[in-house]
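S.K.: attaching a predicted model along with its sequence, questions to come.
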Amino acid sequence: MSQAATNLRIGSKVRVDLDSLKDRIPSSLVSILKNDPRGTLVDFKMTDGMGIGVVLELSNGETSWFFEDEITR
């Protein structure tokens with residue numbers, strides 16, 4: 001997937017914006033993010049044919065994907 005559609009690059013350090021999260025994530029992930037919302041962008045994900053999601057490696061080593069509007073730099 002081309003990175004031209006976003007200003008983010010693989011390796012970027014970002015934060016998950018807890019206020020913008022949708023109800024789609026499990027409570028265990030919410031707990032991890034409340035503890036430390038920072039992550040490193042490791043990949044991109046096509047969400048619905050029209051959007052781009054980002055795959056983050058979180059501080060605990062787990063990976064999870066988020067919509068681009070759910071993260072900040």
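M.R.: Ah, there it is. Numbering: from 1, shown residues only.
S.K.: and residue 14, how many neighbours does it have?
M.R.: When neighbours are defined as other Cβ atoms under 10 Å, residue 14 has 19 of them. The C-beta positions use only the backbone N, C-alpha and C, and glycine is treated the same way.
S.K.: mind jotting down where the strands sit in the chain?
M.R.: Shown for the chain, the strands assigned by DSSP state E span residues 13-16, 38-46, 52-58, 63-67, 71-72.
S.K.: most tightly packed of those?
M.R.: Ranked by mean neighbour count, these are led by strand 52-58 with a mean of 19 (mean count of other Cβ atoms under 10 Å).
S.K.: ok, the residue most central in space within the chain to residue 15 distance?
M.R.: Centrality entry for the chain: nearest residue to the mean C-alpha point is residue 66, 3.7 Å, by Cα atoms, centre = their mean. Counting by Cβ to Cβ, to the nearest Å, the separation of residue 66 from residue 15 is 11 Å.
S.K.: show me what contacts residue 40?
M.R.: 11-14, 56-57 (Cβ atoms under 8 Å, 6 or more residues apart in numbering).
S.K.: show me what it is bridged to.
M.R.: When bridges are called by DSSP bridges, residue 40 pairs up with residue 13, residue 57.
S.K.: now residue 43. Nearest residue, chain neighbours left out?
M.R.: Residue nearest to residue 43 in three dimensions, not counting chain neighbours: residue 55, with 4.0 Å by Cβ to Cβ, 6 or more residues apart in numbering.
S.K.: isn't the one you found right up against residue 63?
M.R.: Yes: judged on Cβ atoms under 8 Å, residue 55 makes contact with residue 63 at a distance of 5.7 Å.
S.K.: of all the strands of the chain, which one is nearest residue 26?
M.R.: Residue 26 sits nearest to strand 63-67 of all the strands of the chain, at 9.6 Å, using Cβ to Cβ.
S.K.: related to what we said a few turns ago, what do residue 55 and residue 63 both touch?
M.R.: Shared contacts of residue 55 and residue 63, counting by Cβ under 8 Å, 6+ apart, come down to residue 42.
S.K.: who touches the residue lying closest to residue 34 once chain neighbours are set aside in this structure?
M.R.: Closest residue to residue 34 apart from its sequence neighbours, by Cβ to Cβ, 6+ apart: residue 18 at 6.7 Å. Contacts here follow Cβ under 8 Å, 6+ apart; on that basis residue 18 touches 30, 33-34, 37.
S.K.: appreciated, that's everything.
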